[in-house]
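A.B. asks: let me see the structure of the following:
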Amino acid sequence: MRTVATDAETTPYLVDLSAQEIRRRLPEALAIYVDAMGYPQGTEYHRAPMWAEHVLRPGWRGVGAVLPTEGSPLVAVAYGYRGARHQWWHQQVREGLRRSGRDVDHIDSVLADYFELTELHVSPKAQGHGLGTALTRRLLDGTPESTVLLSTPEVDREDNRAWRLYRRLGFEDVLRNFTFAGDRRPFAVLGRSLPFEPASTSALPNDL
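C.D. replies: This is a model prediction of the structure:
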């Protein structure tokens, strides 16, 4: 199933990615990840086993955006899965909430029933056309969980495309300036309830 993002002939369109398809297109997807995040070349080789393992998790789903040209090259990718207590990310966030002074009842309620939006990346050459919004909505449409959580690097004054996207989509603070084990950068954990409200017909050019 595919959806055209706009009427322009050269505009990417959305596709649902099966586990088999994301495995086949993993080099493409990881190249977008490295480019969008500004990571050094070679990072993709370290991330590939993790992405491949994520596909096996309960509730996994993925979406992408491809160009309507020969070979349908991928220009954006997003995926996630149902959060669970035994997962590393869940355990890290739980500990971060505990250290920030939240009580057990609050922590349990936050982490009780959520979809983890694990990866959302748009190639820099395709940013500014609303693909981030379209991907997020497509990915989360029909998920059975009551909330969605994600983590994103902290940015001064929240001044980048990713932060503008998340705020415009209604994501709120869950945990701020949190450092995951093995990464020195401060992250924010953001979340919102599901499902989304009906989509707006407008897309802001300074979003993903």
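
A.B. asks: can you give me the helices for the chain?
C.D. replies: With DSSP state H as the criterion, the chain has helices at 19-24, 26-37, 43-54, 88-99, 104-110, 131-140, 161-168.

A.B. asks: any idea how far the first one is from the chain center?
C.D. replies: Just to be clear, that refers to helix 19-24. Computed by Cα atoms, centre = their mean, to the nearest Å, the chain-centroid distance of helix 19-24 equals 17 Å.

A.B. asks: Pro73 is in contact with Ala126, correct?
C.D. replies: No - with contact defined as Cβ atoms under 8 Å, Ala126 and Pro73 do not form a contacting pair (10.2 Å). In this view, the C-beta of every residue, glycine as well, is placed from N, C-alpha and C.

A.B. asks: ok so, going back, right, and the helices of the chain - which one's nearest Val189?
C.D. replies: helix 88-99 (5.6 Å; Cβ to Cβ).

A.B. asks: flag every buried residue along that closest one.
C.D. replies: Residues of helix 88-99 classed as buried: Trp89, His90, Gln92, Val93, Arg94, Gly96, Leu97 (neighbour count, 16 or more other Cβ atoms under 10 Å).

A.B. asks: next one: stretch 112-128
C.D. replies: Neighbour-count burial for stretch 112-128 flags 114-123, 126-128 (criterion: 16+ other Cβ under 10 Å).

A.B. asks: got a list of what Leu74 touches?
C.D. replies: Arg25, Glu28, Ala29, Ile32, Gly64, Ala65, Val66 (Cβ atoms under 8 Å, 6 or more residues apart in numbering).

A.B. asks: rerun at 10 Å
C.D. replies: 12, 15, 17, 21-22, 25, 27-29, 31-32, 64-67, 123, 126 (Cβ atoms under 10 Å, 6 or more residues apart in numbering).

A.B. asks: do you know how far the closest residue to it other than its chain neighbours is from Gly142?
C.D. replies: Nearest residue to Leu74, sequence neighbours excluded (Cβ to Cβ, 6 or more residues apart in numbering): Glu28, at 4.4 Å. Taking Cβ to Cβ, to the nearest Å as the measure, Glu28 falls 25 Å from Gly142.

A.B. asks: next one: Arg24
C.D. replies: 24 Å.

A.B. asks: more neighbours, these two?
C.D. replies: Arg24 (12 against 9; other Cβ atoms under 10 Å).
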